[in-house]
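Visitor: A structural model of the following input is requested.
(one chain, ligands or ions: 3)
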Amino acid sequence: MIAYRSLRVALLGGGSVGAQVARSLLEDRDELAHRVGASLDLIGIAVRDVDAKRSVDLPRELLTTDAERLILGADVVIELMGGIEPARTYILQALNSGADVVTGNKALLATHGPELFAAAEQVGAQLYYEAAVGGAIPIIRPLRESLAGDRVKRILGIVNGTTNYILDRMDTQGDSLEDALATAQELGLAEANPSADVDGYDAAQKAAILASLAFHTEVSVDDVHREGITAVTAAQIASAAHSGHVVKLLAICERLIDPDSGVEGVSVRVYPAMVPRSHPLAAVHGANNAVFVEAEAAGALMFYGAGAGGVETSSAVLGDLVSLARRHVVGGPGLTESKHAGLPVLEIGKATTRYAVTLDVIDEPGVLATIAGVFAEHGVSVETVEQSVATATPGGESTAILVIGTHGAREAALAATVADLAANRVVARVASVLRVEGA
Ligand SMILES: NC(=O)c1ccc[n+]([C@@H]2O[C@H](COP(=O)([O-])OP(=O)(O)OC[C@H]3O[C@@H](n4cnc5c(N)ncnc54)[C@H](O)[C@@H]3O)[C@@H](O)[C@H]2O)c1
Ligand SMILES: N[C@@H](CCO)C(=O)O
Ligand code: NA
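Guide: Ligands and ions are numbered 1, 2, ... in the order given. Presented below is the predicted three-dimensional model:
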């Protein structure tokens, strides 16, 4: 047996991911030592309660409630507690004492990333976070390293498994949103309070992290336009299916020329959108995640797999740990965060998207012309129009359903069109406005 030098590893958090990381560190000790060229010695696991029941039995002598003391004796700190505080303070403490850090904490990175990366750079420490986006799926390293010589133009990501599960059930089983959410909760996918997932907060955090890396620009979660899935109806899903689309909650990061100033910026947004069934993202079912990257030289790439799960996510954490530990052994500076481009983050009104607008209209001569006129007035070009059979309302009026597909239009122009349509006498109801992406 080769006598390796020892790297002291402190683990903060022994929950769903942390416990699996601890198990691998203990069970695969020799193999990991060969891969790293140093032995990874788990010196302790900081938990809230050493007597709590866990999915994996962790050696009692490793458990401690004194995280600060544990950090002081470590070469590498793995933060898997989640949340902003005390995770932020602990990571800063670790970096400032010269330790390298692995974290999966998207909430923290999307709000305090620049502060953490600056602290790491100041002391030449490394900060890795593959688990923060797409769980087990390698996407941070590909953006940070593999595509470092290319120019990413756009990312379309399904980065929240819970909402993808819900929308997939609505599409494949015909469930209502409420029923699909209840099933996701029964399966332990969605929390009792599902807001972080269904309101798009989790996806927005991941979008901020992806955009920062892809565009070499600091993007915070506050810069991300966010719409969740709570307003998506079974009727919208059925109507999307009818036109060969599927509805997905997308995290969209794209380079954009500001239509007003002509200056390049980025647009980062999360919302449910119709995706053509022929697009690779349409085939992402259940709670899986996928990130579709369009780069100038590489073309279209898709990264697909398990976006969550303790065992699966531990793979990403261990991959980071091995990479960072190798560098720790060899010495030299770690990867620093590249933010030199400093592109402005443009508000959603400057983005261009295609739309499907569904209207209940009065069925009388000239209505189609009136509606086409409203679109034309705002410079929104109509690509397709579909009218379905007229029905009589309880008031005796005849109505028809119109589904209007637009060419690419500015968000602001579309919003003004919809407001005018809603106020028009011939429109009984704007039944649905959904964006179309990936076409
Ligand atoms: N679970 C997943 O599938 C998944 C996927 C990707 C990323 N992540 C991220 O990984 C991190 C961990 O997630 P998880 O699912 O394992 O969470 P979890 O809730 O299962 O575990 C968190 C652990 O941290 C401990 N903890 C929390 N605050 C603490 C404190 N102040 N002091 C000591 N211990 C404390 C808790 O007791 C618990 O053991 C989070 O940032 C999460 O966003 C999780
Ligand atoms: N709640 C998240 C877990 C992984 O970040 C999801 O549903 O994808
Ligand atoms: Na990942």
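Visitor: list the contacts for the residue in the chain that ligand 3 sits nearest to?
Guide: Going by Cβ to the ion, ligand 3 is nearest to G134 of the chain, at 4.0 Å. Just so you know, the C-beta spots here come from the backbone N, C-alpha and C atoms, and that holds for glycine as well. With contact set as Cβ atoms under 8 Å, 6 or more residues apart in numbering, G134 has these partners: 157, 159, 206, 289, 291, 303, 305, 307.
Visitor: go with 6 Å
Guide: G134 sits next to 289, 291, 307 when contact means Cβ atoms under 6 Å, 6 or more residues apart in numbering.
Visitor: hmm, which of those residues are the buried ones?
Guide: Buried by 16 or more other Cβ atoms under 10 Å: 289, 291, 307, out of the contacts of G134.
Visitor: Cross-check the residues you listed against ligand 2 and keep the overlap.
Guide: Among the buried ones among the contacts of G134, the residues lying close to ligand 2 (Cβ under 6 Å from any ligand atom) are G307.
Visitor: Tell me which of the buried ones among the contacts of G134 fall in helices.
Guide: Taking DSSP state H, every one of the buried ones among the contacts of G134 sits outside helices.
Visitor: What is the lowest-pLDDT residue among the buried ones among the contacts of G134?
Guide: Lowest pLDDT of the buried ones among the contacts of G134: G307, 95.
Visitor: What's the separation between that residue and ligand 1?
Guide: Distance, G307 to ligand 1, using Cβ to the nearest ligand atom, to the nearest Å: 7 Å.
Visitor: Now do the phi/psi pair for that residue.
Guide: Note on G307: its backbone torsions stand at phi -90, psi 0 [degrees, to the nearest 10].
Visitor: isn't it right up against G286?
Guide: No. At 10.2 Å, G307 does not count as touching G286 under the criterion of Cβ atoms under 6 Å.
Visitor: Show me how the protein divides into domains.
Guide: Recorded structural domains for the chain (assignment: automatic domain parsing) are 7-128, 140-305, 351-436.
Visitor: Excluding covalently adjacent residues, which one is nearest to E145?
Guide: Closest residue to E145 apart from its sequence neighbours, by Cβ to Cβ, 6 or more residues apart in numbering: L335 at 7.5 Å.
Visitor: Just confirm the one you found is within a helix.
Guide: No. L335: not assigned to a helix; according to DSSP: H, G, I helix; E, B strand; the rest coil it is coil.
Visitor: neighbours of it, just the number please.
Guide: For L335, the neighbour count with other Cβ atoms under 10 Å is 18.
Visitor: To what extent is L368 buried, counted in neighbours?
Guide: 15.
Visitor: tell me the pLDDT at it?
Guide: 94.
Visitor: pretty sure it belongs to a helix, no?
Guide: Yes. Per three-state DSSP, L368 lies within a helix segment.
Visitor: if I pick it, what's in contact with it?
Guide: With Cβ under 6 Å, 6+ apart, L368 has no contacts at all.
Visitor: tell me the secondary structure for the closest residue to P194 other than its chain neighbours?
Guide: Counting by Cβ to Cβ, 6+ apart, P194 lies nearest to L181, which is 6.2 Å off, once chain neighbours are set aside. Using three-state DSSP, the secondary structure recorded for L181 is helix.
Visitor: Check the burial of L181 by counting its neighbours.
Guide: 24.
Visitor: pLDDT averaged over stretch 325-337 - what is it?
Guide: Across stretch 325-337, the per-residue pLDDT values average to 86.
Visitor: Tell me the buried residues in that stretch?
Guide: 325, 327-328, 334-335, 337.
Visitor: Show residues contacting it.
Guide: 7, 36-38, 100, 117, 121, 124, 126.
Visitor: Could you list the low-pLDDT ranges of the stretch 301-439 of the chain?
Guide: 390-396 (pLDDT under 70).
Visitor: Can you show me the strands along it?
Guide: Under the criterion DSSP state E, counting those that start in this stretch, the stretch 301-439 of the chain contains strands at 352-362, 382-392, 398-406, 409-410, 427-436.
Visitor: next one: the stretch 1-150 of the chain
Guide: Counting by DSSP E, counting those that start in this stretch, the strands of the stretch 1-150 of the chain are 6-12, 39-46, 63-64, 76-79, 100-103, 127-128.
Visitor: can these go into CSV with extra columns for distance to D258?
Guide: Below are the strands of the stretch 1-150 of the chain laid out as CSV (distance: least, Cβ to Cβ, whole Å):
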stretch, distance to D258
strand 6-12, 42
strand 39-46, 46
strand 63-64, 52
strand 76-79, 37
strand 100-103, 34
strand 127-128, 32
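Visitor: Reformat those strands as CSV; add mean neighbour count and mean pLDDT.
Guide: Converted to CSV, the strands of the stretch 1-150 of the chain look like this (neighbours: other Cβ atoms under 10 Å; pLDDT from 0 to 100):
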stretch, mean neighbour count, mean pLDDT
strand 6-12, 23, 98
strand 39-46, 21, 98
strand 63-64, 17, 98
strand 76-79, 27, 98
strand 100-103, 28, 98
strand 127-128, 26, 97
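Visitor: and the angle from the top helix by length along the chain to strand 6-12?
Guide: Assignment by DSSP H gives helix 310-330 as the longest helix of the chain. Interaxial angle, helix 310-330 versus strand 6-12 (axes from the mean of the first three to the mean of the last three Cα atoms, to 10 degrees): 140 degrees.
Visitor: before we move on, back to that, return the member of the buried ones among the contacts of G134 nearest to P276.
Guide: V291 (17.9 Å; Cβ to Cβ).
Visitor: Contacts only, for the residue in the stretch 201-350 of the chain that ligand 1 sits nearest to.
Guide: Residue nearest to ligand 1 within the stretch 201-350 of the chain (Cβ to the nearest ligand atom): A308, separated by 3.3 Å. Going by Cβ under 6 Å, 6+ apart, A308 touches 135, 161.
Visitor: Flag every residue of the protein that's near ligand 2.
Guide: 135, 160-162, 197, 202, 307-308.
Visitor: returning to what we had before: quick one: the residue nearest to E145 from A110, how far?
Guide: 19 Å (Cβ to Cβ, to the nearest Å).
Visitor: Now H279: closest residue in space, sequence neighbours ignored.
Guide: G438 (4.3 Å).
Visitor: The helix or strand containing A203 and ligand 1 in contact?
Guide: In this assignment (DSSP states H and E), A203 forms part of helix 201-215. No. Judged by Cβ under 6 Å from any ligand atom, helix 201-215 and ligand 1 are separated, with a smallest distance of 8.1 Å.
Visitor: Check stretch 140-151 too.
Guide: No. Stretch 140-151 stays clear of ligand 1 (Cβ under 6 Å from any ligand atom), getting no nearer than 11.4 Å.
Visitor: returning to that earlier point: Q20: which of the strands of the stretch 301-439 of the chain is closest?
Guide: The nearest among these, by Cβ to Cβ, is strand 427-436 at 37.5 Å.
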